[in-house]
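> Need the 3D shape of this:
(2 chains)
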Amino acid sequence: MSTTTPRIGRRFFIAFLAAALLIAGVVSFYASGHPDGLEYVAKSTGFLDSAADSAAAGSPLADYGVAGVKNARISGGLAGIIGVLVTLLLAGGLAWVLRRRTGNAPEA
Amino acid sequence: MHVPDGFLDVPTSIATGVVAALGVGLALRGARKELDERTAPMAGLVAAFVFATQMINFPVGAGTSGHLLGGALAATLVGPWTAVLVITVVLIVQALLFADGGLTALGTNITLMGLIGVGVSWLVIVVVRRLLPKRLSSIPIAAAFGALLSVPAAALAFTGLFTLGGVADIPLGAVATAMVGWHSLIGIGEAVITGLVVSAVAATRPDLVYAARPILAATRLEVRQRGVSA
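Got it, this is the predicted structure:
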């Protein structure tokens, strides 16, 4: 390996982020509406009723929609895009703060 | 598998909150060794990608569905400690902004999908990587096996927590069988998606696959030694 750490590269970064934005912003509309495994099991074995509303249920983005946007495709897509960008900034920012400042990547 | 508020009682939720806090604290220390100027942006990308894919519920039959948990994918691409942080950030964003997964259940969800999902994934990946030939093409297979087993493992862990602190009085055998059964099917979807995404990254940028580093290092060493002896 060279003495400088190779960067992630603009092309790779844009391609990976574009994939995430496309999945969250467009493809998510076509996701299965069936309950997930846990919810299904909770219902079939009889403990779904013990679920309580989250204190965040009043969030303008609750349940992956933007409050006030009527069109389901746009509302869900917009919520997905916001979620992707917020997650990118939080996780990327945290990792950037924690990173080692100098030297090569260790060989795991 | 996002656990809502109310499924587990307060003592159990507090206990999983403590476990999650300790686990994330360890991950904050461990991730420093994994993260550099190349892998830090990758951690952000992987978190964004896991958030996106978790919006895609795929049908698994009989009126139920599942989505990627992402522990194996994240551990393979950015390393296990960073993966715990990645999944934790995704779960916090989902719980606070999207009301997906309860707030008092946040510690439970971080424990199940962050600590157990990533931990089991990484153990399986390391074992399978050791058993397979030392080639780059072995990494997506190892990642897929990690994914496959991590989902039922997290489901089994939920059943354990439900045994300790489930609010409803339900026969536990029924919960355990149904949870592990359905999540074994979801695990197959998790394995397929994880294998495909890791393959795609390994094909374009193998240097950005954390789990491939020992293999890439061994290959470089071999080339270098041949170069010296020639």
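> Touching, B:I87 and B:M113? I think so.
Yes - in this structure B:I87 lies within contact range of B:M113 using C-beta atoms under 8 Å: 5.7 Å. For glycine as for every other residue, the C-beta is placed from the backbone atoms N, C-alpha and C.
> what residues do these two have in common as contacts?
The contact sets of B:I87 and B:M113 overlap at B:L69, B:G70, B:G71 (C-beta atoms under 8 Å, 6 or more residues apart in numbering or on different chains).
> Please list only the buried members of these.
Neighbour-count burial (16 or more other C-beta atoms under 10 Å in any protein chain shown) applied to the shared contacts of B:I87 and B:M113 gives B:L69, B:G70, B:G71.
> my read: the last one touches B:L112, true?
No - the pair formed by B:G71 and B:L112 falls short of the contact definition of C-beta under 8 Å, at 9.8 Å.
> can you list residues touching both of those two?
With C-beta under 8 Å, 6+ apart as the test, B:G71 and B:L112 both reach B:A154.
> What distance do you get for B:L136 to chain A?
Applying C-beta to the nearest C-beta, to the nearest Å, the value for B:L136 to chain A is 14 Å.
> Next one, pLDDT for the residue nearest the centre of chain A please.
The residue lying closest to the centre of chain A (C-alpha atoms, centre = their mean) is A:V84, at 4.7 Å. For A:V84, the pLDDT comes out at 98.
> is any part of whichever strand or helix holds it close to chain B?
Assessed by DSSP states H and E, A:V84 sits inside helix A:72-98. Yes - Helix A:72-98 lies within reach of chain B by C-beta under 8 Å from any C-beta of the partner chain, at A:79-80, A:82-96, A:98.
> what's the neighbour count on the closest residue to chain A within chain B?
Nearest residue of chain B to chain A, counting by C-beta to the nearest C-beta: B:G44, 2.2 Å away. Using other C-beta atoms under 10 Å in any protein chain shown, B:G44 has 26 other residues around it.
> Quick check, it in contact with A:L98.
No - with contacts counted by C-beta under 8 Å, B:G44 stays clear of A:L98, the gap being 11.8 Å.
> Lowest mean pLDDT among the helices and strands of chain A, which one is it?
helix A:37-45 (a mean of 94; mean pLDDT, DSSP states H and E).
> For residue 70, give me the pLDDT.
All of this is about chain A. So, for A:K70, pLDDT stands at 92.
> try again with chain B
For B:G70, the model assigns a pLDDT of 98.
> So what's the residue count around A:R10?
Neighbours of A:R10 (other C-beta under 10 Å): 8.
> What mean pLDDT does stretch B:28-44 get?
95.
> I meant stretch A:98-106, not that one.
69.
> Which residue comes closest to A:S44 once chain neighbours are left out?
B:A178 (6.3 Å; C-beta to C-beta, 6 or more residues apart in numbering or on different chains).
> Closest to the centroid, which residue in chain B?
B:G71 (0.9 Å).
> Which pLDDT value goes with the nearest residue to that residue once chain neighbours are set aside?
Leaving aside its sequence neighbours, B:G71 sits nearest to B:G117 (C-beta to C-beta, 6+ apart; 3.2 Å). If you check B:G117, the pLDDT there is 98.
> Repeat that for B:L156.
On the pLDDT scale, B:L156 gets 96.
> element containing it, please.
helix B:138-165.
> any idea of the angle that helix forms with helix A:37-45?
40 degrees (axes from the mean of the first three to the mean of the last three C-alpha atoms, to 10 degrees).
> Name the residues of helix B:138-165 that come out as buried.
B:138-159, B:161-162, B:165.
> Which secondary structure elements does it sit against?
helix A:37-45, helix B:10-34, helix B:71-78, helix B:117-131, helix B:172-204 (3 or more C-beta pairs under 8 Å, 6 or more residues apart in numbering or on different chains; DSSP states H and E).
> tell me the most buried of those helices?
Across the helices and strands packed on helix B:138-165, averaging neighbours per residue (mean count of other C-beta atoms under 10 Å in any protein chain shown) puts helix B:71-78 on top, at a mean of 32.
> So which other helices or strands are in contact with that helix?
Counting by 3+ C-beta pairs under 8 Å, 6+ apart, helix B:71-78 packs on helix B:39-53, helix B:80-97, helix B:117-131, helix B:138-165, helix B:172-204.
> closest point of chain A to chain B, which residue?
Closest point on chain A to chain B, by C-beta to the nearest C-beta, is A:G92, at 2.2 Å.
> For that residue, which non-adjacent residue is spatially closest?
Per C-beta to C-beta, 6+ apart, closest to A:G92 is B:G44, 2.2 Å.
> Please name the nearest non-neighbouring residue to residue 96.
No chain was given, so I picked chain A. Using C-beta to C-beta, 6+ apart, the closest residue to A:W96 is B:A40 (4.6 Å).
> wrong one, I was asking about chain B
A:A56 (5.6 Å).
> ok, that neighbour - how many residues close by?
19.
> cool, and B:E37?
Look at B:E37: counted by other C-beta under 10 Å, it has 17 neighbours.
> what do you get for B:V167?
Neighbour tally, B:V167, other C-beta under 10 Å: 17.
> residue contacts, it?
Applying C-beta under 8 Å, 6+ apart, the residues near B:V167 are A:F47, A:S50, B:G6, B:F7, B:L8, B:D9.
> Alright, I will stop here.
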